[in-house]
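> Okay, sequence plus prediction incoming.
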Amino acid sequence: MKTTTPGFPLVLAGAGAVLAYLLEVGLVAAGQASFIPPYSLALSLAAIGAIELALGWPIRQTLRGTRLQRLDPFRAMRVVLLAKASILVGALLGGAALGALIHLVGRPVIASGNDIVQAVLSVAAAAFAIIAGIIVEQWCKIPPSDPDETAFEQQGQ
């Protein structure tokens, strides 16, 4: 399994931002209230990032040799998949919160400070979830066992 490259999460963040901005414009044009990312979104994304860091730490310790317990490969795979999922979901939801923030700041009428704080917290929590996912992916990488075998594999690609 390859580590996540920045291309696809950036595309998701951009798509989320554009869609959320267009949704905001459409809601306001229709006379409806604009959508503000709730505090629970920021709290959930921050909790996801913290949980995946907590789940990835024992795997990192085992791979570095400082923890003597046996590593369950299925658990390690689940943690890596959680990290990949949080990168993608964090990018999409962070982009959506960023689109909402851009709409709130760009309006001619100044938005409530609480609304802007909610959007900023959502963007920050999404960034935390993305960064935590990237860190956990790196922690779960298995070091090459044979340097000659790794060089041979790289030449074949």
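Arrived safely, thanks for sending. Numbers count the residues shown, from 1 in each chain.

> Helices of the protein, start to end?
Here the chain has its helices, by DSSP state H, at 7-29, 39-64, 73-106, 113-139, 147-156.

> Next, the angle from the longest one to helix 113-139.
With axes from the mean of the first three to the mean of the last three C-alpha atoms, to 10 degrees applied, the angle from helix 73-106 to helix 113-139 works out at 150 degrees.

> residues in contact with residue 95?
12, 13, 14, 15, 16, 17, 20, 126 (C-beta atoms under 8 Å, 6 or more residues apart in numbering). Just so you know, the C-beta spots here come from the backbone N, C-alpha and C atoms, and that holds for glycine as well.

> and which of those is nearest to residue 44?
Comparing those against residue 44 with C-beta to C-beta places residue 126 closest, at 10.1 Å.

> residues contacting the closest one?
45, 90, 91, 93, 94, 95, 97.

> residues near the second one, how many?
In this case it means residue 90. 26 (other C-beta atoms under 10 Å).

> how close does it sit to residue 53?
Using C-beta to C-beta, to the nearest Å, one obtains 13 Å as the distance from residue 90 to residue 53.

> where does this structure dip in pLDDT?
Low-confidence segments of the chain, defined by pLDDT under 70, span residues 143-157.

> 90 - rerun?
By pLDDT under 90, the low-scoring segments of the chain are 1-6, 28, 31, 33-36, 60-73, 75-76, 104-115, 139-157.
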